[in-house]
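Q: Sequence and predicted structure, then a few things I'm wondering about:
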Amino acid sequence: MWDYIEERALKCAEYIIETGCTVRACSAHFSISKSTVHKDVSERLKYINEDLYEQVRKVLNLNLSERHIRGGIATREKYKNESVKS
């Protein structure tokens, strides 16, 4: 694997662990695509650093389990803001 890919995967993994952010937030922070971040941390990282991979998996699993809650909160805020404008 190329050095810059390994470095990018490690940086993304460390950022996700430190902040607890989603793949989408990580991709926005590093200005790369979501699919690249996802492939880096869920496939490539396993072969680079398995301990870091396990830590990232925990954060991503937590984000996955909270996804439906975040969507509900965003929808509530959207309609709350629309009623204020009217």
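A: That came through, no problem.
Q: what about Cys12, how many residues close to it?
A: 25 (other Cβ atoms under 10 Å). For glycine as for every other residue, the C-beta is placed from the backbone atoms N, C-alpha and C.
Q: Tell me which residues touch it, please.
A: For Cys12, the residues meeting the contact criterion (Cβ atoms under 8 Å, 6 or more residues apart in numbering) are 26, 30, 37, 40-41.
Q: try Thr36
A: Contacts of Thr36 were listed using Cβ under 8 Å, 6+ apart, and they are 8, 27.
Q: so how far is Lys78 from it?
A: 29 Å (Cβ to Cβ, to the nearest Å).
Q: List the buried residues for stretch 50-66?
A: Residues 52-53, 56, 59-60, 63 are the ones in stretch 50-66 that count as buried (16 or more other Cβ atoms under 10 Å).
Q: burial measure for Asp40, as a count.
A: For Asp40, the tally of surrounding residues (other Cβ under 10 Å) stands at 25.
Q: Let me know the pLDDT of the residue most central in space within the chain.
A: Using Cα atoms, centre = their mean, the residue of the chain that lies closest to the mean C-alpha position is Val23, 2.0 Å off. pLDDT recorded at Val23 is 96.
Q: wait, doesn't it sit right on His38?
A: Yes - at 5.2 Å, Val23 and His38 qualify as touching, with contact defined as Cβ atoms under 8 Å.
Q: Give me the longest helix you can find in the chain.
A: When the chain is scanned for its longest helix (criterion: DSSP state H), the result is helix 50-85.
Q: where's that one relative to the chain centroid, distance-wise?
A: 10 Å (Cα atoms, centre = their mean, to the nearest Å).
Q: Can you name every helix or strand that that helix contacts?
A: When contacts are defined as 3 or more Cβ pairs under 8 Å, 6 or more residues apart in numbering; DSSP states H and E, helix 50-85 sits against helix 3-19, helix 45-48.
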